[in-house]
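**Q** Just the structure for this:
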Amino acid sequence: MATGLPQYRPVAGRAPAGAAPALLPDPADDRIPGRGPVEGGRAPCGGPRRDRTAPPEGALVTSCDTVTVALRHGLEAVDILRLRRACGAVLQSRSGSTVAFLVPAGTRETWHLPGSTCTAGALLPAATDPRWVIPPAGADCAARPTDAWVLRSALCEAACTLTAGGLGPF
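**A** Numbers count the residues shown, from 1 in each chain. The predicted structure is shown next:
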C-alpha cells in the first residue's frame, strides 16, 4: 500500500445518505453540523447550528457510484480515458486533493483496487460548477458514467506511467 494516497475517508455525520465521501464538504466546512471549526458544529462566534437536510441548490443526487483517487493519479487516468474517448463525468473534490469518477450503479460491490475507493451514490453539483474536470454534457446536461472496467484499466496504466516517471509508487 502506498503512502500519501487516500485509502478510506470517513463519511461526515449527518451527510446525505448515499453521497460519495469525495463529494462531501471538507472537514473545515462549517456549513455541516459537527464539522465546523468549533466542536459541535457551531460558528466561531457561537452562532446557531445550521442543519442542512436537503442537497444544496443545483445539486443532483444520482444513482451512480463514485470511484475516488488522488489528484495526480486521477488526472493521468482522465488523460488516458480522453484519448480512448471513454471518459464520463469527473469531479474534483472541494479541497482539490482527489478526483471522483462516476461509474454505473452497483460497481461498489465488485470494486477492489488499491489506492482508490468506491462509494455508492453521488451528490453532484450543477453542471456549471468549476470543480468539474469533465462536466456533464448533452442537451439535458446528464452526467455520463465511465465504464468501471475501462476505468480500472486506465487507473492501472496511470499508476504505471506515474511510477515510470518517478512520481510513484502506487
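**Q** ok, residue 148 - contacts?
**A** 67, 103-104, 107, 110-111 (CB atoms under 8 Å, 6 or more residues apart in numbering). Every C-beta, even on glycine, is put in place using the N, C-alpha and C of the backbone.
**Q** Could you rerun that using 10 Å?
**A** 65, 67, 101, 103-104, 106-108, 110-111, 113, 118 (CB atoms under 10 Å, 6 or more residues apart in numbering).
**Q** With residue 127 instead?
**A** Under the criterion of CB under 10 Å, 6+ apart, the neighbours of residue 127 are 58, 60, 89, 135-138, 140-143.
**Q** Residue 162 belongs to a helix?
**A** Yes: counting by DSSP: H, G, I helix; E, B strand; the rest coil, residue 162 is located in a helix.
**Q** Tell me how far it lies from residue 70.
**A** 10 Å (CB to CB, to the nearest Å).
**Q** Please apply the same query to residue 137.
**A** Counting by CB to CB, the gap from residue 137 to residue 70 is 25 Å.
**Q** Which parts of the chain are strands?
**A** 60-62, 65-70, 90-92, 98-103, 116-119, 122-124, 132-134 (DSSP state E).
**Q** any weak-confidence spans in this structure?
**A** Applying pLDDT under 70 to the chain flags residues 1-62, 169-170.
**Q** which residues of it fall in helices?
**A** Here the chain has its helices, by DSSP state H, at 71-83, 148-164.
**Q** mind putting those in TSV, distance to residue 129 included?
**A** Output for those, formatted as TSV (distance: least, CB to CB, whole Å):
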stretch	distance to residue 129
helix 71-83	17
helix 148-164	21
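**Q** That concludes my questions; thank you for your assistance.
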